[in-house]
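>>> after the sequence you'll find the predicted model.
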Amino acid sequence: MKIHSIYALIVASLLAMLPDSVQPSQQLRQERWDDWRFTYDHVMLIYGKAVDENGKPFYMVKNSWGKYGQYDGIWYMSRDFMAQNTIYLFLNRHGIADKLKIEN
């Protein structure tokens, strides 16, 4: 299955993850950007972390579409999926460790 067809399946699922055969890479991100399969017109709120029974890390995500789908817009996205698909990230200043903060 091609990676772009994976995204169509995610809408009906609680999980968003890459197939085991796909590793996030800048090359794959660039290919999707160049042929317009990749856009940056969507926002999601990451509000927690979870780990599956195999120890694979996931982020708990609330979709900006609202209460959509069987799980009311709540998803679990794997760390690899986030690495492959995130364009930019906004952080609340209170969510940054003190040792990483830059004083004004």
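Now that the structure is in, tell me what you want to look at. Quick caveat: nothing in here was measured; it's all calculated off a predicted structure.
>>> and the residue positioned nearest the centre of the chain, backbone torsions?
The centre of the chain sits closest to residue 82, judged by C-alpha atoms, centre = their mean, with a distance of 3.2 Å. Here is the backbone geometry of residue 82 (degrees, to the nearest 10): phi -60, psi -40.
>>> dump the residue contacts of it.
For residue 82, the contact set (C-beta atoms under 8 Å, 6 or more residues apart in numbering) comprises residue 59. Glycine gets a C-beta too; all of them are placed from N, C-alpha and C.
>>> burial of residue 44, as a residue count?
Counted with other C-beta atoms under 10 Å, the neighbours of residue 44 add up to 18.
>>> wait, what's in contact with it?
Residue 44 neighbours (C-beta under 8 Å, 6+ apart): 61, 62, 63, 64, 75.
>>> next: residue 84.
18, 22, 24, 25, 28, 29.
>>> let's see if you can find the most crowded of those residues.
Neighbour max across the contacts of residue 84 (other C-beta under 10 Å) = residue 18, 19 neighbours.
>>> assumed that residue was part of a strand.
No: Residue 18: not assigned to a strand; according to DSSP: H, G, I helix; E, B strand; the rest coil it is coil.
>>> need the three-state assignment for the nearest residue to it once chain neighbours are set aside.
In space, and not counting its chain neighbours, residue 18 is closest to residue 80: 4.9 Å by C-beta to C-beta, 6 or more residues apart in numbering. What three-state DSSP gives for residue 80 is helix.
>>> check residue 80 and give its pLDDT.
The model reports residue 80 with a pLDDT of 89.
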